[in-house]
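A.B. asks: How does the following fold in three dimensions:
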Amino acid sequence: MATSKKTPPKKTAAAKGPIYVLNGPNLNLLGKREPEIYGREGLSGVEKRVKERAAALGHKVDFRQTNSEGELITWIQEAGAKGAGIVINPASYSHTSIGLHDAIAAIDIPVVEVHISNIHKREAFRHHSYVSSVALGVICGLGPLGYELALEALAQALKKA
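C.D. replies: A predicted model of the protein is given here:
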């Protein structure tokens, strides 16, 4: 498979928009589903941490979660038109969705992929992500802290743009 490379975004009016934090399937169950893997903090707690960290970095956040692949793709396209960047936890769609890959490849803002668990220490089918090749970077295995680190990375990328 050919690998797409993301170049730093051009400075545009969209760079003044919010950072979209997009969450894929089953993350609405965070804190309840397999807490030994994903921890006990719920998605609302992650959202609170993310918004506080973004504010400290001088950014606003649009935080969303969906169980629908099509809705996630629509949000990526929206962020490409209105946002400064994306932090995305595509969850299981990382491993299955060429559509997410294509949507991210089609936009001109930086994207950082986040996984709460270390996908490389889990089942073999989780080791490959269709999103990684079109992301600025990937953070995995650091729990909800990964979201905050992704915001830091985006803030740095946006300063350089």
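A.B. asks: Is it correct that D102 falls within a helix?
C.D. replies: Yes: counting by DSSP: H, G, I helix; E, B strand; the rest coil, D102 is found in a helix.
A.B. asks: what's the burial count for it?
C.D. replies: Under the neighbour criterion other C-beta atoms under 10 Å, D102 is assigned a count of 14. The way it works is simple: take the backbone N, C-alpha and C, and place the C-beta from them, glycine included.
A.B. asks: Show me the beta-bridge partners of Y20.
C.D. replies: Note on Y20: beta-bridge partners by DSSP bridges are D62, I86.
A.B. asks: contacting residues for it?
C.D. replies: The contact partners of Y20, by C-beta atoms under 8 Å, 6 or more residues apart in numbering, come to 61-62, 64, 75-76, 78-79, 83, 85-87.
A.B. asks: Likewise for V114?
C.D. replies: V114 sits next to 87-89, 138-140, 146-147, 150 when contact means C-beta under 8 Å, 6+ apart.
A.B. asks: cool, and A153?
C.D. replies: A153 touches 112, 136-137, 139, counting by C-beta under 8 Å, 6+ apart.
A.B. asks: and those, which are buried?
C.D. replies: Buried subset of the contacts of A153 (neighbour count, 16 or more other C-beta atoms under 10 Å): 112, 136-137, 139.
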